[in-house]
Every structure is written in structure tokens, then in C-alpha cells.
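1. predicted structure and sequence below. I'll ask about it afterward.
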Amino acid sequence: MTGVRCMLMRGGTSKGAYFLAEDLPADPAVRDDLLMRIMGTPDPRQIDGVGGAQPVTSKVAIVSGATEPGHDVDYLFLQLGVEEATVSDRQTCGNLLAGVGQFAVERGLVPAGDERTTVRVRLLNTGTIAVASFATPGGEVDYSGGTAISGVPGTAAPVELDFTETEGSVCGSLLPTGHVRDDVGGIQVSCVDNGMPVVVARAEDLGITGYEDTAELAADTALAGRIDALRIEAGKLMGLGDVSGSSIPKTTLVAAPRDGGAICTRTFIPVKPHPSIGVLGGVSVVTALLLDGAVGSDLLAAGEPVEIEHPSGKLAVGIEFDTTVTPPRVRRSTVIRTARKLFDGTVFPRS
């Protein structure tokens, strides 16, 4: 059996298989079939592959050297279904992004600095640039460190992620519907795209408190139906067309903070509860809440960076606006993540 060179990494609160583009078939259909067989899709357990039976562990990063000036590497993110035989490139992933720079150094695409390395990454899904900075003492990637992030046990080396020009990267504008607030089926929502299309609504308007744990949310089939109906209609308003078979837009329900953060959130992909919150999803949610008149903005506690409470803890997001224009434009967004190499070797797909 022919294997494929692969590195399994935890990036932020996700886990995925990282590949060099040259190690995969060039034909997208052939590539996607191979990746599903590697991950064990479709199967709710992904028992015959390296997937972890959750959306946050059924992910792939494909990395290659830059083909144009202005950045160092290209990064294509693919979301693989678990039970469904699907492979989607309609979104990017800020969590797996946290490991792309280190992977590029490990594979020789980018030279390591003596103490720290900065890698400019073009996110092929959105066409935007992110800058990742991480420790490379002695010219080697060091994954150990004292930074803890919610949703991940222990500590690791920090990875600073700076995002610029992310607003409207999927939908074409920060406010895809043209409004800060919309009515969708009687529910007030704010639809924002600052790197990830997100529909923000009050948890109480969907019949929950916003403080439920993921198991309770996952068992609520009526809630899943309401969320799916909401995001499908919102997707049309956002110019995304029929999103019934897509993982975007994400839906985030907000409530007042209760654990010292700035806002409490429960996020769904597309209707399954997220164990935490995605990086760019969090960036878009904070962006929305900082806009005057947005749904949930009155619930936001003051503080910079904005600490998002989620089922596994907190995520701190910094947003810098240009307020000289109306509506304000996003200059940059910053998030601190960690990443860790789990194994590096050869993965064997099922036949």
C-alpha cells in the first residue's frame, strides 16, 4: 500500500492532518477522495482513518511555497465531513493556521530565525494574508512553553496571529446584508464577515439561556432545526446562496458574560455545538458586537482585548478599527494561539 507523507498537528483547539501540496494529487476530485480515505470519512467514528469523529478534528491543511511575492507560503484549508462524504473549501480555519508556520519551517519552505520566526501566510480560501510569529530558538521550532489556551490541556509555546484585510473575505463586505441588524424569520441577527461569515443572535431568542454545555445543546434536536432554518435564510441574505449543504455561515448565540469575560457564546458548525469557538469565527463575532446597534452589543462588557467566554473557557481577541469612515473598517485583528506537532511520518489511506 502506498502511503502519503503527513504531519498531524494540534492547531489551537482543532486537530488536523498537514500535507505539502506536492505530496497530494493535483486533481481536486482525486485529492478529496484520497483525503476522505485517509481521515475515515464517511463514518461517525472515523474508525478506519485518522479523523477524530468531530468537525474540529476532521480537518486538513495543505501548504506550499508562495507562488507570488508578498508572502511566504500558501495555505489551503479543507473541512471534511465526519458522517457525510464531503470536502469543503468554502471557509478557512484560524486554528489550523496556528500550525502552518511551524509546518513550513519543518518542511524547509521557510528558513527559521535564530530566536523567532515570522511567516506570512496567504489563506487560499479567502485570498487574505495572516502573519504568524513563533519561537525558533537555535533555528528549530520549539513547541514547548507556558501559554495555556482554553479547550486544550497543559501549556505550549505561544503563536501570535495577526490578520489584516480579512473583512469581507468570503462574502465581499464586512456587513454582507448591508445592515448592522436584520430580521430573519422573526429573529434579530447581525451578519458579519471579518474572515468568517457569522450570524450572531441572542441565545434567549432561540429558546436557550446561552450557558448550556455542549452535550445539552447537542441533544436539543429542536434547537438544531431552528438554527439550521436561521442560517439557511441568513445565508441567502449574505449572498452565499443555498447553504443547506455548507458549514458556513456559522451561528453564534450570545448571552451576558458570567465568568469574568466580555460576552458568553455558543457556536454551531453548522448545527453541531462547537466545543469552544473558532479563531476567525471569534474575530467576526467580536467585530459584530463592537458595532453600534448590533445584536448583542448591549450585552458586551468593556475590556480590551475582548475575552469571549465559550464552553471550554475563554478566547481573547483584539480588534483595531478605522473609525474615520462609516461604517468603521477593520485595520487588524490579533489572536494568541498555541500549536503542537503530534506525529510526523506516513499515513496510509484505506483502499
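-> Perfect, I can see it now.
2. mean confidence score for stretch 70-88?
-> For stretch 70-88, the per-residue pLDDT values average out at 96.
3. gap between the two ends of that stretch?
-> From the first residue to the last, stretch 70-88 extends over 27 Å; the measure is C-alpha to C-alpha, to the nearest Å.
4. kindly report the same for stretch 315-334.
-> First residue to last in stretch 315-334 (C-alpha to C-alpha) measures 11 Å.
5. ok, the lengthiest strand in the chain: who's next to it in the sheet?
-> Ranked by residue count and defined by DSSP state E, the top strand of the chain is strand 329-347. Applying DSSP bridges, strand 329-347 is found paired with strand 4-11 (antiparallel), strand 158-164 (antiparallel), strand 313-322 (antiparallel).
6. which stretch among these comes nearest Leu237?
-> For the strands paired with strand 329-347, the distance to Leu237 is smallest for strand 313-322, at 23.4 Å, taking C-beta to C-beta. Yep, even glycine has a C-beta here, placed from its N, CA and C like the rest.
7. so how far is that closest one off the chain centroid?
-> Here the centre of strand 313-322 is set off from its chain's centre by 14 Å, with C-alpha atoms, centre = their mean, to the nearest Å.
8. ok, stretch 69-89 next?
-> On C-alpha atoms, centre = their mean, the centre of stretch 69-89 falls 11 Å from that of its chain.
9. end to end on it, go ahead and measure it.
-> 23 Å.
10. same check on stretch 147-167?
-> 28 Å.
11. for stretch 166-176, how far is the first residue from the last?
-> Termini of stretch 166-176 sit 13 Å apart (C-alpha to C-alpha).
12. about what we covered before: mind putting the strands paired with strand 329-347 into a markdown table with distance to Pro69, mean pLDDT and mean neighbour count?
-> Listed next are the strands paired with strand 329-347 as a markdown table, based on distance: least, C-beta to C-beta, whole Å; pLDDT from 0 to 100; neighbours: other C-beta atoms under 10 Å:
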| stretch | distance to Pro69 | mean pLDDT | mean neighbour count |
| --- | --- | --- | --- |
| strand 4-11 | 26 | 98 | 21 |
| strand 158-164 | 17 | 91 | 20 |
| strand 313-322 | 26 | 90 | 18 |
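13. closest one to Leu290 among the ones you listed?
-> Taking C-beta to C-beta, strand 313-322 is the member of the strands paired with strand 329-347 nearest to Leu290, at 6.1 Å.
14. listing request: residues of the chain with sub-threshold pLDDT.
-> 1 (pLDDT under 70).
15. let's see that with 80 instead.
-> 1, 165, 303, 326-327 (pLDDT under 80).
16. dump the strands paired with strand 329-347 into TSV; add distance to Gly185 as well.
-> Converted to TSV, the strands paired with strand 329-347 look like this (distance: least, C-beta to C-beta, whole Å):
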stretch	distance to Gly185
strand 4-11	35
strand 158-164	32
strand 313-322	29
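17. out of those strands, which is closest to Asp242?
-> strand 158-164 (28.2 Å).
18. downstream neighbour of that closest one in the secondary structure list?
-> Per DSSP states H and E, the first helix or strand lying C-terminal to strand 158-164 is strand 182-184.
19. adjacent strands (with direction) for that next one?
-> strand 187-193 (antiparallel).
20. alpha carbons only: can I get the helix or strand following the partner strand in CSV?
-> Proceeding N to C from strand 187-193, the next assigned helix or strand is strand 197-202, under DSSP H and E. What follows is strand 197-202 as a C-alpha-only set of coordinates in CSV (Å, rounded to 0.1, in the frame of the first residue of the first chain):
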residue,chain,number,x,y,z
PRO,A,197,-19.2,34.6,7.8
VAL,A,198,-21.1,34.5,11.1
VAL,A,199,-24.7,35.0,12.2
VAL,A,200,-25.0,36.5,15.7
ALA,A,201,-28.2,36.2,17.6
ARG,A,202,-29.3,36.3,21.3
